[in-house]
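Colleague: Sequence and computational prediction follow.
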Amino acid sequence: MNNILISLKKFLSNKNTVTILGVLVGIVVLYLAYNWRVNQAITPVKVPYAKEEISARTLITADMIGYMEVPQSMVTSNKNLITSGSAVIGKYVSYAATIPANGLFYSELVMDAKEMPDSAFADIPDGYTIYSLKVDLHTTYGNSIFPNNKIDLFFKATDDDGKVIFARLIKSIKVLAVKDSQGRHVFETTTEDRQPSELLFAVPDDMYLLLMKAGYISSDVDILPIPRNAKYTASAGETEVTSDYIKEFILSKTTYLPEETTSNTTTDTTTD
């Protein structure tokens, strides 16, 4: 027994032996690591998919989705791929997308109810009113104005001397929605060709009155939306009237009516 131990000790103390064993251990480690990574990449993962086409703004229910297996590598390379049914059930398809039959769900395609464009109407601050501006394909620059864009509104009219007035009236106004003549959101589907008919904004009450008065002056008056770029939307300041001249021009063509409160009062005329 002692001879065996002595021989083994000599064998292990040999530098060549240690080198060979080190190489063998390294190969085994690399092999095991390689197999682990391969298995991780090809191990199937269950993800939800649409059993039918789901249109924009549709509430996703359990009966609309099924589950399929995809390679783990697909999940790893697509960070936005949703892998859980609970992450889509009860949510809505984005207003700007349609999920095709057998299509997978991605985070940018689904929204909570509060993220949907119309939900912004319910959260309008006190003292604000929805203003609707009539538009068409031409005045929206070929459908180039989108919800959440910040744009400018320009004013065009003819003064009493027959001269054209044209200048910016309001800057940095946020578009809440773009709708067609039937009240449907223009960008909620890619399968229909919807034409813009109105832009919706939420503005302070005094600005709402100014815009409405401008629209009623005459058929010669136009309020024109002017789109800006993404940087303008990201860094634009407060929404405000930028031309006192145009504001005064509009007000000079209209009459101010103070708000009146009618109260019923009873006068006690009974005498002792």
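Modeller: That came through fine. Numbering: from 1, shown residues only.
Colleague: Test my guess that Leu251 contacts Lys213.
Modeller: Yes - counting by Cβ atoms under 8 Å, Lys213 is a contact partner of Leu251 at 7.3 Å. Yep, even glycine has a C-beta here, placed from its N, CA and C like the rest.
Colleague: the more surrounded of the two?
Modeller: More neighbours surround Lys213 than the other of Leu251 and Lys213, with 17 against 14 (other Cβ atoms under 10 Å).
Colleague: What helix or strand is that one located in?
Modeller: Using DSSP states H and E, Lys213 sits in helix 205-217.
Colleague: got the CA coordinates for stretch 87-96 in PDB?
Modeller: Only the C-alpha atoms of stretch 87-96 are listed here, as PDB (Å, rounded to 0.1, in the frame of the first residue of the first chain):
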ATOM      1  CA  ALA A  87     -48.300  40.600 -19.100                       C
ATOM      2  CA  VAL A  88     -50.800  40.900 -22.000                       C
ATOM      3  CA  ILE A  89     -54.200  39.800 -20.700                       C
ATOM      4  CA  GLY A  90     -56.200  42.800 -19.600                       C
ATOM      5  CA  LYS A  91     -54.100  45.200 -21.600                       C
ATOM      6  CA  TYR A  92     -54.900  47.000 -24.900                       C
ATOM      7  CA  VAL A  93     -53.300  46.800 -28.300                       C
ATOM      8  CA  SER A  94     -51.600  50.100 -29.000                       C
ATOM      9  CA  TYR A  95     -53.600  52.700 -31.000                       C
ATOM     10  CA  ALA A  96     -50.900  52.600 -33.700                       C
END
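Colleague: Thr158 versus the nearest residue to Gly85 once chain neighbours are set aside, what's the distance?
Modeller: Closest residue to Gly85 apart from its sequence neighbours, by Cβ to Cβ, 6 or more residues apart in numbering: Pro48 at 4.6 Å. Per Cβ to Cβ, to the nearest Å, Pro48 is found 59 Å from Thr158.
Colleague: between these two, which one's more packed in?
Modeller: Using other Cβ under 10 Å, the more surrounded residue of Pro48 and Thr158 is Pro48, with 23 against 13.
Colleague: and the more buried one, what does it touch?
Modeller: Pro48 makes contacts with 65-67, 82-85, 87-88, 104-105, as judged by Cβ atoms under 8 Å, 6 or more residues apart in numbering.
Colleague: Show me which of those is closest to Pro258.
Modeller: Nearest to Pro258 out of the contacts of Pro48 is Val88 (Cβ to Cβ; 53.0 Å).
Colleague: thought that closest one was touching Ile82?
Modeller: Yes - assessed by Cβ under 8 Å, Val88 is found in contact with Ile82 at 5.8 Å.
Colleague: quick one: the nearest residue to Lys156 once chain neighbours are set aside and Thr58, what's the gap?
Modeller: Spatial nearest neighbour of Lys156, chain neighbours left out: Asp222 (4.3 Å); criterion: Cβ to Cβ, 6+ apart. In this view, Asp222 and Thr58 are 37 Å apart by Cβ to Cβ.
Colleague: Then Asp193?
Modeller: Separation of Asp193 from Thr58 (Cβ to Cβ) stands at 19 Å.
Colleague: Counting neighbours, go ahead and name the busier of these two.
Modeller: In this view Asp193 and Thr58 are compared by other Cβ under 10 Å, and Thr58 has more residues nearby, 15 against 9.
Colleague: Quick check: bridge partners of the nearest residue to that one once chain neighbours are set aside?
Modeller: Among residues not flanking Thr58 along the chain, Val93 sits closest, at 5.0 Å (Cβ to Cβ, 6+ apart). Here Val93 sits in beta bridges with Val110, going by DSSP bridges.
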